[in-house]
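Asks: Sequence and predicted structure below; questions after.
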Amino acid sequence: MTHTIKRIYEQRTIDNIWPSTESCGCLSAVQSWARTLVHGLCTAILIGLTTSSLAQPLEITIYALRSANDLQHKTYTIDSVYDPQSYRDLDINLVQSGSTGQMSSTFIRGTNSNHTLFTLNGMSIKDYSTPTGVDDISQHSLVGVNSVEIIKGPMSTVYGPNAVGGVVNMTSYATEQNWIDLSIGSNGLNTQTVKVGDWIGPMLVDFSANRSSTDGISVSPQGVEPDGFDTENYSLKTTSNINEWWFNTNINSKTNHSDLDNSGSDALDYTSTWRFNNQYIDALNGTTKLSFNRVAHDRTYIKSGVTDTYLSESHNLLGTHVYSFGRNDLTVGAEYMQTQADFDTAIGGYESSVDQTRNNSAVLASYDHMIGTDTVVSIGARQDWLSDFDDVQTYRIGASKNGWRTAYSTAFKEPTAYEQHGTDNWGFQGNPNLKPEHTRTVEIGYANTVIDVAVYKTEIEDLLKYLNNTYTNDTGTSVRQGADVGINYAVNDWKIENTTSYVRAEDSTGLELTRRPKWHNTLNIAYTIDNTQQLQLQHNYYGSHRDINSTTWATEDQPSVSTVDIGYKFHHLGKTVSAGLNNVFDKTYERPNGYNQQGQNFELGIRIEF
C-alpha cells in the first residue's frame with residue numbers, strides 16, 4: 001500500500017502548449033521573445049541529451065510534504081494557499097516593521113518569532129546569520145512558487161531543528177503555464193512579471209522573472225523621507241521523467257534593496273541589500289525521494305558610510321523511502337545539513353561578530369497504520385546528532401478518524417551561533433553551554449468541507465532569555481495555548497472564508513508576551529458575476545496586545561486595529577484585470593510600535609495568459 005501526495009498542475013499533450021491567442025501585436029512580440037528565451041535556456045540545459053516528442057499527456061507528480069508518504073499529514077493542521085502573489089496572502093500573524101521592504105517576524109500559535117521554519121519543497125531556507133534565528137518571509141517574493149503549505153504545530157520529527165511553532169513550506173515545481181503580469185499602484189508601485197514554461201524533448205523548463213519597485217512611505221511615523229524598495233527575482237525550474245523517476249531542479253535568485261529608518265526616528269542615509277540564492281534538485285518516484293538543497297543569504301546594511309555584513313550558507317541532503325506492508329506504511333529517512341554563519345557589525349559604534357560552522361546528522365522514521373477506510377494511527381520519531389549540543393530525540397503520536405484528529409508531539413530549537421559564540425563591545429558574551437529549547441504540544445481538531453477547528457497547548461522548557469549580558473536557559477515553563485477556527489462556505493455565487501485565532505502566550509512567570517494579540521480574525525467575502533467578474537471584500541482584525549515602545553523601550557498596551565480592503569477582478573479569454581483599494585477607511589496605525597503602516601492605497605493590474 002503506497003500513498004502519495006499529488007499536486008497535478010498540468011496534464012496536456014505537446015500540441016496544446018502554445019494555444020492561439022487574440023492578442024495585440026505588442027503582446028505577440030512579447031510572447032515571441034518569451035518563447036525564444038525559454039527555448040534558448042532549454043537548449044543550453046539539454047546539450048548532450050537526446051530529445052524525443054511526447055505521444056501522450058504527462059502527469060506531473062508533486063510531493064508537497066517531505067516524503068512520498070501520505071498518511072501522517074492527516075493528523076496535521078494544514079492551511080494551503082495556491083498561486084500566492086505575495087506573503088500578504090498568507091493568513092498568519094506577520095508583524096512587519098513598516099511597509100513593503102521592511103523586516104518582518106512571524107508568530108504561529110503564539111510561539112516566538114524564531115520558532116517558525118521556512119522551507120522550499122520541504123528543505124530549510126533558513127538564514128543562520130540572524131542573531132536570534134528570526135527569518136523574514138517578507139523578503140521572499142514568491143516568484144516561481146506554486147503553493148504554500150502552512151503546517152501549524154511542532155514538526156521536528158519531520159523537519160528537525162527550529163520547527164517549533166510551525167512550518168511554512170513553499171512548493172516550487174515547473175509547470176506549462178505562461179503569463180505576463182503588469183501592475184501599478186500608490187506610492188509609485190510598479191511591478192512586471194513574466195512566466196513561461198515549455199517542453200523541450202523530455203524536459204519541461206519553466207522560467208520566471210520579476211521586477212518590482214515602490215517609492216514607499218516613511219517608516220518613522222514622524223519622518224519626512226519616503227523609504228523605497230525595489231526587487232529583482234529570477235526562477236528557473238525543470239522537470240523530466242526517466243522510466244518511473246521524476247527529476248526536478250530549481251534555481252532561485254532574489255535581490256532586494258530597501259531604504260531604512262532608525263527605531264523611532266527618520267534616517268536619510270540608511271539602506272540594506274539582501275541577496276538570496278538557492279539551488280535545489282530532487283529525484284522521486286512513488287516510494288523514494290532524494291533531495292539536495294543549497295541556500296545562501298548575503299545581507300548588507302550601510303549607514304553613514306559604515307557597513308554591516310551578514311552571510312549565511314547551508315547545504316542539505318535528505319533521503320526518504322516508504323515500505324508498504326498491507327495496510328501499514330513505514331517511512332524511513334536520513335538527513336545531513338552543514339550550516340555556516342559569518343557576520344560583522346559596526347553601525348552606530350556597535351561592534352559584534354560571529355564566524356561559526358555547524359553540522360547536523362539525523363535519522364527519522366514514521367509508522368502509519370490504516371484501519372478501515374478513514375482511520376489512521378501514526379507514530380513518528382527522529383534522532384538528531386548536533387555538532388554543538390547533546391543529541392536530541394523528538395517524537396510524534398497522532399490519529400485521525402471521520403474528520404477528527406489528535407496528536408502529541410515534541411520539538412526543539414537550537415540556539416543560534418550568535419547566542420552561543422557572539423561578542424560585542426558593550427559587554428555581551430555568548431554562552432557556549434546553552435541547551436536547545438524543548439517543547440511538547442497536545443492538539444485536538446476536527447475538519448470537514450466547511451469548518452476546520454483545532455485547540456492546542458504548548459509547553460516550552462529551556463527557553464532562551466537575555467540576562468546579565470548573555471543568554472541563558474529559563475528554568476521555568478512557558479505556556480502557549482489557544483484555538484484556530486477556519487470556515488470555508490460557498491453558496492450559489494457567494495464564497496465566504498473566515499479564520500479566527502485565539503492565543504494566550506505567557507512566559508514562565510505568567511507575563512503576557514508582546515506582539516501576540518489574543519484575538520486575530522480575517523474575513524473574506526467574494527461574489528462572482530457571470531463567471532467573469534468577481535467582487536471581493538476583506539476585513540482584518542488585529543486585537544489589542546502588548547508591545548515595546550520604540551522610544552522608551554517600555555512594555556505597554558497597544559489598541560486593536562481593524563482595516564477593510566476591497567477588490568474587483570474581470571477575467572475573459574485568458575486576460576484578467578484586477579483593481580484593489582486597501583485600507584479603505586485610511587486607518588492610521590503603527591505595527592510594531594514606532595513603525596508606520598500604509599494608509600489608503602490602491603493597485604491596478606493585468607495578467608495576460610498565453
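Replies: Perfect, I can see it now.
Asks: Test my guess that Pro370 contacts Lys74.
Replies: You called it Pro, but residue 370 is Met. No. Met370 lies out of contact with Lys74 (C-beta atoms under 8 Å); the separation is 9.7 Å. Quick note: C-beta positions are derived from backbone N, CA and C, even for glycine.
Asks: what is in contact with these two at once?
Replies: Val376 (C-beta atoms under 8 Å, 6 or more residues apart in numbering).
Asks: Which of the two has more residues huddled nearby?
Replies: It is Lys74, of Met370 and Lys74, that has more neighbours when counted by other C-beta atoms under 10 Å, with 21 against 18.
Asks: pLDDT score assigned to that one?
Replies: We note a pLDDT of 86 for Lys74 in this prediction.
Asks: Repeat that for Leu27.
Replies: Predicted confidence (pLDDT) at Leu27: the value is 37.
Asks: Report pLDDT for the residue nearest to Thr416 when sequence neighbours are not counted.
Replies: Take Thr416 and drop its neighbours on the chain: the residue closest to it by C-beta to C-beta, 6 or more residues apart in numbering is Gly133, 4.6 Å away. On the pLDDT scale, Gly133 is placed at 94.
Asks: Angles on the backbone of Gly133, please.
Replies: phi 80, psi 20 (degrees, to the nearest 10).
Asks: got the contact list for it?
Replies: With C-beta under 8 Å, 6+ apart as the criterion, the residues that contact Gly133 are 114, 126, 162, 413, 416, 419.
Asks: Among these, which are located in helices?
Replies: Of the contacts of Gly133, the ones assigned to helices by DSSP state H are Glu419.
Asks: can you map out the strands along the stretch 401-550 of the chain?
Replies: Listed in chain order, the strands of the stretch 401-550 of the chain (DSSP state E, counting those that start in this stretch) span 404-413, 423-424, 437-447, 451-461, 464-467, 470-473, 477-491, 494-506, 519-529, 533-542, 545-548.
Asks: export those to JSON lines and tack on distance to Val363?
Replies: Output for the strands of the stretch 401-550 of the chain, formatted as JSON lines (distance: least, C-beta to C-beta, whole Å):
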{"stretch": "strand 404-413", "distance to Val363": "16"}
{"stretch": "strand 423-424", "distance to Val363": "35"}
{"stretch": "strand 437-447", "distance to Val363": "19"}
{"stretch": "strand 451-461", "distance to Val363": "24"}
{"stretch": "strand 464-467", "distance to Val363": "27"}
{"stretch": "strand 470-473", "distance to Val363": "26"}
{"stretch": "strand 477-491", "distance to Val363": "29"}
{"stretch": "strand 494-506", "distance to Val363": "33"}
{"stretch": "strand 519-529", "distance to Val363": "38"}
{"stretch": "strand 533-542", "distance to Val363": "42"}
{"stretch": "strand 545-548", "distance to Val363": "41"}
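Asks: Make JSON lines out of these and add distance to Phe325 and mean neighbour count.
Replies: As requested, the strands of the stretch 401-550 of the chain are arranged in JSON lines below (distance: least, C-beta to C-beta, whole Å; neighbours: other C-beta atoms under 10 Å):
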{"stretch": "strand 404-413", "distance to Phe325": "23", "mean neighbour count": "22"}
{"stretch": "strand 423-424", "distance to Phe325": "54", "mean neighbour count": "15"}
{"stretch": "strand 437-447", "distance to Phe325": "28", "mean neighbour count": "20"}
{"stretch": "strand 451-461", "distance to Phe325": "31", "mean neighbour count": "19"}
{"stretch": "strand 464-467", "distance to Phe325": "43", "mean neighbour count": "14"}
{"stretch": "strand 470-473", "distance to Phe325": "42", "mean neighbour count": "18"}
{"stretch": "strand 477-491", "distance to Phe325": "35", "mean neighbour count": "17"}
{"stretch": "strand 494-506", "distance to Phe325": "39", "mean neighbour count": "18"}
{"stretch": "strand 519-529", "distance to Phe325": "43", "mean neighbour count": "16"}
{"stretch": "strand 533-542", "distance to Phe325": "48", "mean neighbour count": "16"}
{"stretch": "strand 545-548", "distance to Phe325": "50", "mean neighbour count": "20"}
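Asks: outside of stretch 354-363, which residues touch it?
Replies: Residues from elsewhere that reach stretch 354-363 (C-beta under 8 Å, 6+ apart): 128-129, 160-161, 332-343, 382-388, 417-418, 420-422.
Asks: Ok, stretch 451-458 next?
Replies: Outside stretch 451-458, the residues that touch it by C-beta under 8 Å, 6+ apart are 77, 109-111, 152-154, 165, 439-447, 479-488.
Asks: Same question for the helix or strand hosting Arg358: list its buried residues.
Replies: Applying DSSP states H and E as the criterion places Arg358 in strand 352-371. Buried residues in strand 352-371, defined by neighbour count with 16 or more other C-beta atoms under 10 Å: 352, 354, 356, 358, 360-362, 364-370.
Asks: just curious, which of those is nearest to Gly286?
Replies: Distances from the buried residues of strand 352-371 to Gly286 were compared by C-beta to C-beta; the smallest belongs to Asp368, at 15.4 Å.
Asks: If the closest one is in a bridge, with which residues?
Replies: Per DSSP bridges, the residues bridged to Asp368 are Asp329, Ser378.
Asks: Ser324 versus that one, what's the distance?
Replies: From Asp368 over to Ser324 the distance is 10 Å, taken as C-beta to C-beta, to the nearest Å.
Asks: what's the span of stretch 436-456, first residue to last?
Replies: 22 Å (C-alpha to C-alpha, to the nearest Å).
Asks: Now find how far off-centre that stretch is within its chain.
Replies: Offset of stretch 436-456 from its chain centre (C-alpha atoms, centre = their mean, to the nearest Å): 20 Å.
Asks: Quick check, Leu330 in contact with His321.
Replies: No. Here Leu330 does not reach His321: they are 9.0 Å apart, not a contact under C-beta under 8 Å.
Asks: Arrange the strands of the stretch 401-550 of the chain in CSV, one row each, with distance to Thr239 and mean pLDDT as further columns.
Replies: CSV is the format used below for the strands of the stretch 401-550 of the chain (distance: least, C-beta to C-beta, whole Å; pLDDT from 0 to 100):
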stretch, distance to Thr239, mean pLDDT
strand 404-413, 32, 97
strand 423-424, 47, 94
strand 437-447, 31, 97
strand 451-461, 31, 97
strand 464-467, 42, 95
strand 470-473, 44, 97
strand 477-491, 30, 97
strand 494-506, 31, 97
strand 519-529, 32, 97
strand 533-542, 31, 97
strand 545-548, 44, 96
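Asks: closest one to Asn248 among those strands?
Replies: Between Asn248 and the strands of the stretch 401-550 of the chain, the tightest spacing by C-beta to C-beta is seen for strand 404-413, at 28.2 Å.
Asks: Could you name the helices and strands sitting against that closest one?
Replies: Based on contacts counted as 3 or more C-beta pairs under 8 Å, 6 or more residues apart in numbering; DSSP states H and E, the elements that strand 404-413 packs against are helix 156-159, strand 392-401, strand 437-447.
Asks: need the ones you listed in JSON lines with distance to Thr514, can you?
Replies: Putting the helices and strands packed on strand 404-413 into JSON lines (distance: least, C-beta to C-beta, whole Å) gives the following:
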{"stretch": "helix 156-159", "distance to Thr514": "25"}
{"stretch": "strand 392-401", "distance to Thr514": "28"}
{"stretch": "strand 437-447", "distance to Thr514": "18"}
